[in-house]
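# pasting the structure only:
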């Protein structure tokens, strides 16, 4: 049986970039904290900030709420809006402790159908973020996408880009759903490799199409070439 196009695309990207490393963090609460300790920092700075946070503060809600703000802000300065991030980190800890008894994992296990709703209690967690957490913690086999991965799929011709990000997201998900490999390892790798491709070649501005291993199958590239050819006439 031939592989679905999406699986061929993922294989081609993996051959180009190499197999992604296993995710650094897969615990649901830690994933929420990971996104906030160094806001909009690159992966390397975020990983360093996370390690400092884990060692100096701790990742349990009670440890975070007991930590001096000066300790939290020292870590958050690895990204932007450090003071705002500190308040969000404390809010995350308070929700986990006071609303969920300090056990987010248990809450998600006890109410799997409401798991996404539980995760969206936390600041900055919408459907895409909740789905990534459920995927990486191996609770829901869904192709979760960040903005980079979504851009790649839209340019490949999956779904339609709309003014609403959430509508674009759902459009791409629904278009790819028949081709999903429901294996958790594959879905996690797909998320990672699509994200990397969007960061490195399939950028928002000035995408680097020529070295792209998917350009022959890319609707965006075909349209770009057609536009360029018409201009040169």
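Okay, I see it. Remember, predicted model here, so these are calculated numbers, not experimental data.

# pLDDT score for the residue nearest in space to the middle of the chain?
Relative to the mean C-alpha position of the chain, the nearest C-alpha, by CA atoms, centre = their mean, is the one of residue 146, at 4.0 Å. Residue 146 carries a pLDDT value of 96.

# contacts only, for it.
Listed by CB atoms under 8 Å, 6 or more residues apart in numbering, the contact set of residue 146 reads 128, 132, 191, 195, 198. Yep, even glycine has a C-beta here, placed from its N, CA and C like the rest.

# where does it fall, phi/psi-wise?
Recorded main-chain torsions at residue 146 are phi -90, psi -180, according to degrees, to the nearest 10.

# what residues are up against the closest residue to residue 120 other than its chain neighbours?
Once its chain neighbours are removed from consideration, residue 120 has its nearest residue in residue 130; the separation is 5.7 Å (CB to CB, 6 or more residues apart in numbering). Residues counted as contacts of residue 130 (CB under 8 Å, 6+ apart) are 115, 116, 119, 120.

# which parts of this structure are helices?
Taking DSSP state H as the criterion, the chain carries its helices at 5-17, 28-37, 43-56, 61-66, 69-76, 82-94, 104-110, 115-119, 127-136, 147-156, 165-176, 184-200, 219-232.

# any chance of TSV for these, columns distance to residue 211?
Rendered in TSV, the data for the helices of the chain read as follows (distance: least, CB to CB, whole Å):
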stretch	distance to residue 211
helix 5-17	9
helix 28-37	30
helix 43-56	21
helix 61-66	43
helix 69-76	36
helix 82-94	35
helix 104-110	41
helix 115-119	37
helix 127-136	28
helix 147-156	15
helix 165-176	23
helix 184-200	10
helix 219-232	12
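
# out of the ones you listed, flag the one nearest residue 210.
Proximity of those to residue 210 was assessed by CB to CB; the nearest stretch is helix 219-232, lying at 9.2 Å.

# could you pull up the mean pLDDT of that closest one?
The average pLDDT within helix 219-232 is 63.

# cool, thanks, talk later.
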